[in-house]
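> Let me see the structure of the following:
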Amino acid sequence: MIGIEAAPPTTLTQKHPEHSIESFMEHFEYIANPVGIDHIAFGPDTMYGDHVGLHHVFAGELSITAILGKKEFKQVEYVKGIENPTEEFPNIVRWLVRHGYQMQMLANY
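The predicted structure follows:
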């Protein structure tokens, strides 16, 4: 099982250089294509409160500089569309439905 996480700056992609549900879901599709949707879980790890603090922890622990090089990224307080635990999963499901994922495929979630 591979978990897709949403703390900045782990959501950045070349196509979506801003932290958003679009960049988060691009990670999902990148993994889903080779391994299949049955092997993916969503673990956005959002919370109420200090998203900037979470941003700093993940940036330090995941060596984001090693991955992104010296490219600068905008520090944000939250990932747009996945702002908090109340909104994250309804927004993820809405995104999946809007992008053609059928309920039979989503039954595992």
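
> how close does the residue nearest to P85 when sequence neighbours are not counted sit to N91?
When the adjacent residues along the chain are set aside, P85 lies closest to T46, with 5.7 Å between them (Cβ to Cβ, 6 or more residues apart in numbering). To be clear about C-beta, it is placed using only N, CA and C from the backbone, and glycine gets the same treatment. According to Cβ to Cβ, to the nearest Å, T46 stands 10 Å off from N91.

> which residues does I4 contact?
Taking Cβ atoms under 8 Å, 6 or more residues apart in numbering as the definition of contact, the neighbours of I4 are F24, H27, F28, I31, I40, A41, F42, G43, P44.

> which of these tops the neighbour count?
F24 (28 neighbours; other Cβ atoms under 10 Å).

> which residues does it contact?
When contacts are counted by Cβ under 8 Å, 6+ apart, F24 is found next to I4, A6, T11, P44, V79, G81, I82.

> So it lies in a helix, does it not?
Yes: secondary structure assignment (DSSP: H, G, I helix; E, B strand; the rest coil) places F24 inside a helix.

> Residues touching stretch 39-52, excluding its own?
Contact with stretch 39-52 is made by 1-8, 24, 28, 31-32, 54, 75-79, 82-85, 88-89, 92, 109, as judged by Cβ under 8 Å, 6+ apart.

> gap between that stretch and the chain center?
Here stretch 39-52 is found 8 Å from its chain centre; the criterion is Cα atoms, centre = their mean, to the nearest Å.
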